[in-house]
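Q: Please find the sequence and the predicted model below.
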Amino acid sequence: MTRPILEAQNLRVRYPSGTLTDRLLGRGPRHVTVLPDVSLSVEAGQTLGLIGESGSGKTTLGRAAIGLAPISGGSIRVGDATATSEDAPEWAGIRRRTSMMFQDAVASLDPRMTLGTSVTEPLAIAGGFSGNRRDKAAELLGLVGLSPDFADRYPHQISGGQARRVTVARALALEPDLVIADEPTAGLDLSVQGELLNLLGELQSRLGVSFLFITHNLSVARHVTNRIAIMYLGRIVEEAPTETIFSAPEHPYTRALIGAREATGGGGLIEGDVPSLTRRPEGCEFRTRCPLATDLCAAKAPALREIAPGHTASCHYAGQPAGVSHPEPAANRISP
Ligand SMILES: Nc1ncnc2c1ncn2[C@@H]1O[C@H](COP(=O)(O)OP(=O)(O)OP(=O)(O)O)[C@@H](O)[C@H]1O
């Protein structure tokens, strides 16, 4: 297999916590660690889905991959460039090969700029483009199925689905190897969602671009991803080929997400409250919501381990042969 296009290794991201006064007076924790220790990779020409509930750290990981989050440990490698801190000089090289589609497509387009100017802006910022910018705008818009006359329109003159296509065109302007797509279908009608997902698939076949596809919606992820990584409280708790995630999920959190999807048809909610990032449960961090949690889960954090080739999970009971009965769940599982 070729080398992955993106590799995060033991990545740690934390933000200052509380107000400035709290920090000056030493009240409460000084930092909130959003990503304690994440390792993940995206293979060239493939799509990795990053799934988890709101607040699990998906966007933070996407932003960290292009140097837009405070990295306090570990590394990000894209191609031959490896960055180990937010101000590393390697980000320039990484950003040339990587682009990000931010969550709110319409808001990410400058309302005062024509769409033609917006889609070609990355070329102007990067410098070195000597071609005709109008022709390039028409080419990029054509790539996403929009006619050249869209180049003269403004963001308020187009629909949500068209705005999403424009952000795809803009993300492809510098011919990146990797696109980080943060909830690209959020807020779109189902039919428009389908069109956009098909477009991303076609572009991948034509251009060989890789995607880190961030979503809380498992149904959407099932359509477009080769592999899925499930994130809980900023940690990857399970990762496997997409079909395995649906046919043989091993982590109780993945199973709960799939159950919620079946109940609601998309990104349904699962039972229980997400613990605070500043008061993580001892032992397994999912145990406060896990119907199968035992005393072992309270006593010891499970390591993320390979339970089958290409399939990892962090649950003490993952990967047990069929027929092995589960120990009695602990009665007090809800108290962290
Ligand atoms: N700049 C910041 N300063 C402090 N905390 C932050 C900052 N950005 C994110 N966080 C916190 O990090 C945690 C993870 O947020 P993040 O946006 O990465 O999650 P997410 O899984 O992408 O959620 P969503 O699906 O709602 O976008 C949240 O608790 C959030 O409040």
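A: On my side now, so go ahead.
Q: Nearest spatial neighbour of Gly201, chain-adjacent residues omitted?
A: Excluding the flanking residues, the one nearest Gly201 by CB to CB, 6 or more residues apart in numbering is Val224, at 6.1 Å. From N, CA and C alone the C-beta is placed, and that goes for glycine too.
Q: Against the ligand, how distant is that neighbour?
A: 17 Å (CB to the nearest ligand atom, to the nearest Å).
Q: One more: Ala293?
A: From Ala293 to the ligand the distance is 23 Å (CB to the nearest ligand atom).
Q: Near the residue nearest to Gly201, how many other residues are there?
A: Neighbour count for Val224, taken as other CB atoms under 10 Å: 21.
Q: how about it, what does it touch?
A: Val224 makes contacts with Thr47, Gly49, Leu197, Leu200, Gly201, Phe211, Phe213, as judged by CB atoms under 8 Å, 6 or more residues apart in numbering.
Q: and the host helix or strand of the second one, does that touch the ligand?
A: Spelled out, it's Gly49. Per DSSP states H and E, Gly49 falls inside strand 47-51. No - figure legend: strand 47-51 not in contact with the ligand (CB under 6 Å from any ligand atom); closest approach 8.5 Å.
Q: which element follows the helix or strand of the chain with the lowest mean pLDDT toward the C-terminus?
A: Between all helices and strands in the chain, the lowest mean by mean pLDDT, DSSP states H and E belongs to helix 20-24, at a mean of 70. For helix 20-24, the following helix or strand on the C-terminal side (DSSP H and E) is strand 31-42.
Q: Tell me the strands beside that next one, with direction?
A: Applying DSSP bridges to the sheet, strand 31-42 is found paired with strand 6-16 (antiparallel).
Q: pLDDT value on the residue nearest to Gly201, please?
A: The score at Val224 is 93. That number is its pLDDT.
Q: Next, whichever residue of the stretch 101-250 of the chain sits closest to the ligand: phi, psi?
A: Nearest residue of the stretch 101-250 of the chain to the ligand (CB to the nearest ligand atom) works out as His216 at 5.3 Å. His216 has phi and psi values of phi -100, psi 0 when expressed as degrees, to the nearest 10.
Q: That one contacts Glu183, correct?
A: Yes - at 7.4 Å, His216 counts as touching Glu183 under the criterion of CB atoms under 8 Å.
Q: before we move on, back to that, out of the contacts of Val224, which are inside helices?
A: Leu197, Leu200, Gly201 (DSSP state H).
Q: now the end-to-end length of stretch 225-237.
A: End-to-end span of stretch 225-237 (CA to CA, to the nearest Å): 18 Å.
Q: so how far is the helix or strand where Leu296 lies off the chain centroid?
A: Leu296 belongs to helix 295-299 when elements are defined using DSSP H and E. Computed by CA atoms, centre = their mean, to the nearest Å, the chain-centroid distance of helix 295-299 equals 30 Å.
Q: can you check stretch 283-297 too?
A: Taking the mean of its C-alpha atoms, stretch 283-297 sits 25 Å from the chain's own mean (CA atoms, centre = their mean).
Q: contacting residues around it?
A: With CB under 8 Å, 6+ apart, stretch 283-297 has contacts from 232-233, 235, 237, 251-253, 256, 270-273, 275, 281, 298-302, 314-317, 326-330, 333-336.
Q: Can you flag which of those belong to strands?
A: Secondary structure from DSSP state E places Tyr232, Arg235, Val237 of these in strands.
Q: Show me which of those residues is closest to Arg12.
A: Comparing the ones in strands among the contacts of stretch 283-297 against Arg12 with CB to CB places Arg235 closest, at 11.1 Å.
Q: so who does the closest residue to the closest one other than its chain neighbours touch?
A: In space, and not counting its chain neighbours, Arg235 is closest to Pro36: 6.2 Å by CB to CB, 6+ apart. Pro36 makes contact with Arg12, Gly234, Arg235, according to CB under 8 Å, 6+ apart.
Q: Now for those residues, which sits with the most neighbours around it?
A: Gly234 (26 neighbours).
Q: And Ser75, how far from Ala81?
A: 10 Å (CB to CB, to the nearest Å).
Q: Likewise for Gly160?
A: 35 Å.
Q: Those two: who's more crowded?
A: Taking other CB under 10 Å, Gly160 and Ala81 do not tie; Ala81 has more neighbours (18 against 13).
Q: Now for Gly52, how many residues are close by?
A: 24.
Q: shouldn't it be in contact with Lys58?
A: Yes - the pair Gly52 / Lys58 is scored as a contact, 5.5 Å apart, by CB under 8 Å.
Q: Spit out the residues that contact the two alike.
A: With CB under 8 Å, 6+ apart as the test, Gly52 and Lys58 both reach His216, Met231.
Q: does stretch 22-42 come close to the ligand?
A: Yes - judged by CB under 6 Å from any ligand atom, stretch 22-42 comes into contact with the ligand through Val32, Val34.
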